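Q: 3D, please:
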Amino acid sequence: MEKQKAIPEGFMAIGEAAKKLGVTVRTLQHYDKEGLLSPSAVSSGGRRLYTNKDLVMVHQILSLKHLGFSLSDIKNRLIPLDSPAEVASALSDQAKALREKIEGLSQSLQEIETLHQEVLKMEAVDFKKYADIIVNLQMKNDFYWLIKHFDDQMLDHIRQRFDQESGMSFIRTFMRIQEQAIQLYEDGISPDSDQGQALAEAFWKLIDEFTGGDLSLLPKLVEIGKFEGSEPGWKAKQSEANAFIGPALNTYFERNGFNPMQEEKG
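A: Below is the predicted model:
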């Protein structure tokens, strides 16, 4: 009874406040410690005392936590907001942040599911390849699936020679040249023409950039379009492009007096 008399009218002890709110005493103590919600008063004996207004504030905190706001967000931005427009603006910001989290999680889920399919197509466990596949998925590289076909020599070469930016630049250039080759073929342009030879020169420069002069990689590059289990359309597109690039390169090599494939064999 003496304890109850020590509490002024209109106030309640932390235990009673916690019971009314359906939270633990430790939760209210944590909010106080973090400077989120301090009690309206402290008794002469050092007990935290709360009012009904404090309970409303705790309800607000709990509601905002349920909506995804962190305690830091609530402390620094939301509690002082007084108008519906201000609260709506804060909720809009939080909705945007949640959408970004959802998009990020959805992307991660898609990457994991894609890697799962690639793992099942591989004959042995290879965590280095798994990591390369994930990195290429994050880069939005549509050719991520090629990685499982490369041997260690090729993959080590790629890792040493390219970073993400230069790797994507290389892929974009490769795709542009490939599309140009298909278009020239469909337009009936001769591989021996100026256009054909300009494309052959650009393509060979791209290959030279990739190999860095290591001709031992050329046979492996030739095999890229022949991988078993290639993605739908891959072989067909390679065949279309090579129908023009192959003859164009042959002419280019003849005119420049060298054959890299023969040199590699020799």
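Q: What mean pLDDT does the longest helix seen in the chain get?
A: Ranked by residue count under DSSP state H, the longest helix found in the chain is helix 84-121. For helix 84-121, mean pLDDT is 87.
Q: wait, what's in contact with Y130?
A: Applying CB atoms under 8 Å, 6 or more residues apart in numbering to Y130 gives the contacts 115, 118-119. Backbone N, C-alpha and C define where each C-beta goes, glycine included.
Q: From the residues you listed, pick the one nearest Q153.
A: Using CB to CB, E118 is the member of these that lies nearest Q153, at 20.1 Å.
Q: so that closest one touches W145, yeah?
A: Yes. Shown here, E118 and W145 form a contact pair, counting by CB atoms under 8 Å, at 6.4 Å.
Q: where do the contact lists of the two overlap?
A: I133.
Q: mind listing the strands for this protein?
A: 12-13, 41-42, 48-50 (DSSP state E).
Q: Tell me the strands beside the last one, with direction?
A: Using DSSP bridges, the strands paired with strand 48-50 in its sheet are strand 12-13 (antiparallel), strand 41-42 (antiparallel).
Q: Can you name the residues in contact with that strand?
A: 7-8, 11-14, 16-17, 28-29, 32, 39-43.
Q: What of the second one?
A: With CB under 8 Å, 6+ apart as the test, strand 41-42 has contacts from 8, 11, 48-49, 51.
Q: What is the lowest-pLDDT residue among the residues you listed?
A: Ranking the contacts of strand 41-42 by pLDDT puts P8 at the bottom, with 81.
Q: Now do the same contact list for K148.
A: 118, 121-122, 129, 133.
Q: Go again with 10 Å.
A: Residues near K148 by CB atoms under 10 Å, 6 or more residues apart in numbering: 118-119, 121-123, 126, 129-130, 132-133, 227, 229.
Q: any chance of these in CSV, plus distance to Y185?
A: Listed next are the contacts of K148 as CSV, based on distance: CB to CB, whole Å:
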residue, distance to Y185
E118, 32
V119, 37
K121, 31
M122, 34
E123, 36
D126, 37
K129, 34
Y130, 37
D132, 32
I133, 32
F227, 22
G229, 26
